[in-house]
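Chemist: I would like the atomic coordinates for the input below:
(2 chains)
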2 protein chains.
Amino acid sequence: MCQLLGMNCNVPTDIVFSFTGFAHRGGHTDEHKDGWGIAFFEGAGVRLFVDHQSAVESPVAELIKSYPIKSKHVIAHIRKATQGQVALENCHPFVRELWGRYWVFAHNGDLKHFAPVLDGAFRPVGNTDSERAFCYLLQQLRRNFGDTPPAIAPLKAAIDELTREIAAHGVFNMMLSDGSALFAHCSTRLHYIVRQYPFTQAKLSDEDLSVDFSEVTTPNDRVALIVTEPLTTNETWMPFRAGELRLFVDGAPVDDG
Amino acid sequence: MCQLLGMNCNVPTDIVFSFTGFAHRGGHTDEHKDGWGIAFFEGAGVRLFVDHQSAVESPVAELIKSYPIKSKHVIAHIRKATQGQVALENCHPFVRELWGRYWVFAHNGDLKHFAPVLDGAFRPVGNTDSERAFCYLLQQLRRNFGDTPPAIAPLKAAIDELTREIAAHGVFNMMLSDGSALFAHCSTRLHYIVRQYPFTQAKLSDEDLSVDFSEVTTPNDRVALIVTEPLTTNETWMPFRAGELRLFVDGAPVDDG
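Modeler: Numbers count the residues shown, from 1 in each chain, chains lettered A, B, ... in the order given. Alright, predicted model coming up:
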């Protein structure tokens, strides 16, 4: 199975510290060596880096660790192939355009007997269950709402319904962002944390590295991190419930009702 | 105006030498400093690197110059903004999926009064005439051929007709690839060269750098390079005719009839 990392912030923030620990799992402290990828929103634009080399060996991963790209929405993935061969077109995150916005998607899990009818608006390029699920999600959103993007509450309700439908086929931990919000769905394992004032020191669990966030933030910054397994040893990560879809906006989870 | 660089090969080849000269035009030997981008097909997958920094200052461009990514189809672009602000979503190349393949597009030129009706299947994320033209092109290809991709000859004929229609609005030098072929249309300026056995030395016109291709190739390799302005001083570049669309497959232009 793969690992997911997401970040949602109220101001553009770099992910160098968290990505350093996360990338270590790609072939080093863990077995996820069949490629990796990371997507950063910058305004409406997206930078997508994908590589079918393991994250610990990839020169592109080295760049990400040393070059602080600032973003309000980041989704990263390291892959342990379950369906689809090791190839660039099967690396997550995947990107498509809907409603004049880019959508970024990554999946951890395994779907069985999942062959939805795709009408041609969004078709997989590779051969993973994950890209198939992403194409189906976007197709159904466009069918539900037509050419006009909905407000956030009906959008979340539609994504909630679709993720339940897809998750009936197996494990479907996933992250999805359109550059204005980040949706995270948990089938089995997902954790989050909100870092905000007063910031403290954090210590990576995968590498001997600490950062004192109070030195690199302002009191108004707020950052939500969502990840398969907690990245740090001295912070309290909140587990998702099985079947839960959470919406993150401006660095915090948006609670319903 | 912007500059374009395309490469089409019969075996995966790195573009380090040509990109080094080309990137030099991004803020150094030329004024194209409003961002840049490069897309590499690797099988069905695409690696896209875009940056709104000038190519001479970008750490990502440094990576491309030092990391030999091998590809059969590459499209690169350096931008001098004419329409649309300097922002990541306005950097070329643009990527969309049609028929379960990624399509990569970059444009040099300026289109006036170009506001085609877009039905929602492909919508621009940024606000350039270029991305609008790309969305229109793919929409019309899907309308013409439905859900089944055509053979290469009718595809070329359709792209030829569409580029003439778009070019009636101004300057439309462009490159387009679906990972199996590369199309290049010239409104005003475009040149190409085919490098094949016996390979010789080439000397960049923008930087004091030479490469002896006979040392880094096999006798079966064939590489077509297409570019706004010739990149080397000691090779004979073929100018495109105005209004000409050329199709490149396996490192060579495919002549009609």
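
Chemist: quick one, helices of the stretch 51-200 of chain A?
Modeler: Along the stretch 51-200 of chain A, the stretches classed as helices by DSSP state H, counting those that start in this stretch are A:59-66, A:129-145, A:152-167.

Chemist: winner for burial among those?
Modeler: helix A:129-145 (a mean of 21; mean count of other Cβ atoms under 10 Å in any protein chain shown). Placement of C-beta: from N, CA and C, glycine included.

Chemist: beta partners for residue A:176?
Modeler: Residue A:176 has these beta-bridge partners by DSSP bridges: residue A:105, residue A:183.

Chemist: count of residues packed around it?
Modeler: A count of neighbours around residue A:176, defined by other Cβ atoms under 10 Å in any protein chain shown, yields 23.

Chemist: ok, it to chain B distance?
Modeler: 16 Å (Cβ to the nearest Cβ, to the nearest Å).

Chemist: what do you get for residue A:148?
Modeler: 9 Å.

Chemist: okay, the helices of the stretch 51-200 of chain A in a markdown table with mean pLDDT and distance to residue B:37 next?
Modeler: Formatted as a markdown table, the helices of the stretch 51-200 of chain A follow (pLDDT from 0 to 100; distance: least, Cβ to Cβ, whole Å):
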| stretch | mean pLDDT | distance to residue B:37 |
| --- | --- | --- |
| helix A:59-66 | 83 | 15 |
| helix A:129-145 | 97 | 23 |
| helix A:152-167 | 97 | 30 |
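
Chemist: can you convert the ones you listed into CSV and add a column each for distance to chain B?
Modeler: Shown next, in CSV, are those (distance: least, Cβ to the nearest Cβ, whole Å):
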stretch, distance to chain B
helix A:59-66, 5
helix A:129-145, 8
helix A:152-167, 17
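
Chemist: wait, which of those is closest to residue B:122?
Modeler: Of all these, helix A:129-145 sits nearest to residue B:122, with 12.2 Å by Cβ to Cβ.

Chemist: who are the packing partners of the closest one?
Modeler: Under the contact criterion of 3 or more Cβ pairs under 8 Å, 6 or more residues apart in numbering or on different chains; DSSP states H and E, helix A:129-145 touches strand A:94-98, strand A:101-111, helix A:152-167, strand A:170-177.

Chemist: let's go with 6 Å and repeat that
Modeler: Helix A:129-145 sits against strand A:94-98, strand A:101-111, helix A:152-167, with contacts defined as 3 or more Cβ pairs under 6 Å, 6 or more residues apart in numbering or on different chains; DSSP states H and E.

Chemist: out of the ones you listed, which gets nearest to residue B:20?
Modeler: Residue B:20 sits nearest to strand A:94-98 of all these, at 27.9 Å, using Cβ to Cβ.

Chemist: outside of the closest one itself, list whatever touches it.
Modeler: For strand A:94-98, the external contacting residues (Cβ atoms under 6 Å, 6 or more residues apart in numbering or on different chains) are A:46, A:48, A:102, A:103, A:104, A:105, A:122, A:131, A:134, A:138.

Chemist: any idea how far residue A:37 is from residue A:135?
Modeler: 17 Å (Cβ to Cβ, to the nearest Å).

Chemist: same thing with residue A:83?
Modeler: 15 Å.

Chemist: run through the residues that contact the residue nearest the centre of chain A.
Modeler: The centre of chain A sits closest to residue A:75, judged by Cα atoms, centre = their mean, with a distance of 3.4 Å. If you count contacts by Cβ under 6 Å, 6+ apart, residue A:75 has them with A:6, A:39, A:93, A:104, A:106, A:175.

Chemist: cutoff 10 Å now
Modeler: Residues counted as contacts of residue A:75 (Cβ atoms under 10 Å, 6 or more residues apart in numbering or on different chains) are A:4-8, A:37-41, A:46, A:48, A:92-95, A:104-106, A:174-177, A:182, A:184, A:226.

Chemist: check residue A:165 too.
Modeler: Residue A:165 is in contact with A:114, A:116, A:133, A:136, A:137, A:140, A:172, counting by Cβ under 10 Å, 6+ apart.

Chemist: out of these, who's nearest residue A:232?
Modeler: The closest of the contacts of residue A:165 to residue A:232 turns out to be residue A:172 (Cβ to Cβ; 25.9 Å).

Chemist: tally up the residues packed near that closest one, please.
Modeler: 25.

Chemist: measure it to residue A:163 for me?
Modeler: Applying Cβ to Cβ to residue A:172 and residue A:163 gives a distance of 6 Å.

Chemist: what's the closest of the helices and strands packed on helix A:129-145 to residue A:15?
Modeler: Residue A:15 lies closest to strand A:101-111 among the helices and strands packed on helix A:129-145, at 13.8 Å (Cβ to Cβ).

Chemist: may I have that closest one exported as CSV, CA atoms only?
Modeler: Output in CSV follows, covering the C-alpha atoms of strand A:101-111 (Å, rounded to 0.1, in the frame of the first residue of the first chain):
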residue,chain,number,x,y,z
ARG,A,101,-9.7,24.6,-12.3
TYR,A,102,-7.1,21.9,-11.9
TRP,A,103,-8.0,19.0,-9.6
VAL,A,104,-5.2,17.0,-7.9
PHE,A,105,-5.9,13.5,-6.6
ALA,A,106,-3.9,10.8,-4.8
HIS,A,107,-5.0,7.4,-3.4
ASN,A,108,-3.8,4.9,-1.0
GLY,A,109,-5.5,1.5,-1.1
ASP,A,110,-6.8,-1.1,-3.4
LEU,A,111,-10.1,-1.3,-5.2
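
Chemist: buried set for it?
Modeler: Within strand A:101-111, the residues that count as buried by 16 or more other Cβ atoms under 10 Å in any protein chain shown are A:101, A:102, A:103, A:104, A:105, A:106, A:107, A:108, A:109, A:110, A:111.

Chemist: mind putting the residues you listed into a markdown table with distance to residue A:238 and pLDDT?
Modeler: Converted to a markdown table, the buried residues of strand A:101-111 look like this (distance: Cβ to Cβ, whole Å; pLDDT from 0 to 100):
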| residue | distance to residue A:238 | pLDDT |
| --- | --- | --- |
| A:101 | 28 | 97 |
| A:102 | 28 | 98 |
| A:103 | 25 | 98 |
| A:104 | 23 | 98 |
| A:105 | 23 | 98 |
| A:106 | 20 | 97 |
| A:107 | 21 | 96 |
| A:108 | 18 | 93 |
| A:109 | 20 | 92 |
| A:110 | 25 | 92 |
| A:111 | 26 | 95 |
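
Chemist: farthest pair in these?
Modeler: Among the buried residues of strand A:101-111, A:101 and A:110 lie farthest apart (Cβ to Cβ), at 28.6 Å.

Chemist: much appreciated, bye for now.
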